[in-house]
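Trainee: Build me a model from this:
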Amino acid sequence: MAETEPPKASIVQNLIAAFDVIARRVTVENAFSFTPTSFWQAVLASWGFGLFMTLPFVHLGTDFLALYGVSSLVSLLLYALIVWHMLVWWRRSDKYLRFVIPFFWLYALQTVLFGLVTILMFMTGIVLLQIFVLPIAIWILVWQFRIARSQLELGFGAAIGLVLGRFGVDMVVGTIGGLQRTMSLG
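Mentor: Okay, the predicted model is just below:
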């Protein structure tokens, strides 16, 4: 009998699963589907939520939005590619989807929670609401670190490097995109 793929979860179900993981209501293994389709769903959701967060900056023009859209997608895919090659080098490539899928869903959850706090801040005018973003961001980073350690069986330093490497990739791609825009403007 042929093995069937588990039913595909919706974006909302995966965001809830990511929240359930950081609330310790479910394990990573039981929260997500680890298929290539799930990988692309996590990448596109992370990218889409990031694009949605740029809507307040629409006054900067379509050039900015296009540059941000392209650079954020390149950044996500480059990070995924770097992680793949690192895991191949560490002989752990079989664990790739078990790390990258929850990692990207936590990233998407962080973006959504940041967006909700930002919307509340704009609606209420209470700038101090930004303080709530910091603990949320730190808590999600801690969980990304835990996932790197548990899913990839990495040491402390390697797991921190893998999690913080995401910021490094964002900075490099963002800088290159900014330089390209500066050079094209003259």
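Trainee: And for the spatially most central residue of the chain, nearest residue in space, chain neighbours not counted?
Mentor: Centroid-nearest residue in the chain: Tyr107, 2.9 Å away (criterion: CA atoms, centre = their mean). By the measure of CB to CB, 6 or more residues apart in numbering, the closest residue to Tyr107 outside its immediate chain neighbours is Ser46, 5.0 Å from it. C-betas here are computed from N, CA, C, even on glycine.
Trainee: Run the chain-centre distance for the host helix or strand of the one you found.
Mentor: Using DSSP states H and E, Ser46 sits within helix 36-52. Relative to its chain's centre, helix 36-52 lies at 8 Å (CA atoms, centre = their mean, to the nearest Å).
Trainee: Give me the buried stretch members for it, please.
Mentor: By neighbour count on 16 or more other CB atoms under 10 Å, the buried set for helix 36-52 is Ser38, Phe39, Gln41, Ala42, Val43, Ala45, Ser46, Trp47, Gly48, Phe49, Gly50.
Trainee: hmm, which helix or strand of this structure has the shakiest average pLDDT?
Mentor: Least confident helix or strand, the chain: helix 156-185 with a mean of 80, by mean pLDDT, DSSP states H and E.
Trainee: Using neighbour counts, pick out the buried residues of that helix.
Mentor: Buried residues in helix 156-185, counted by 16+ other CB under 10 Å: Ala159, Ile160, Leu162, Val163, Arg166, Val169, Asp170, Val173, Gly174, Gly177.
Trainee: The fourth one contacts Trp143, correct?
Mentor: No - under the contact definition of CB atoms under 8 Å, Val163 does not touch Trp143, with a separation of 9.6 Å.
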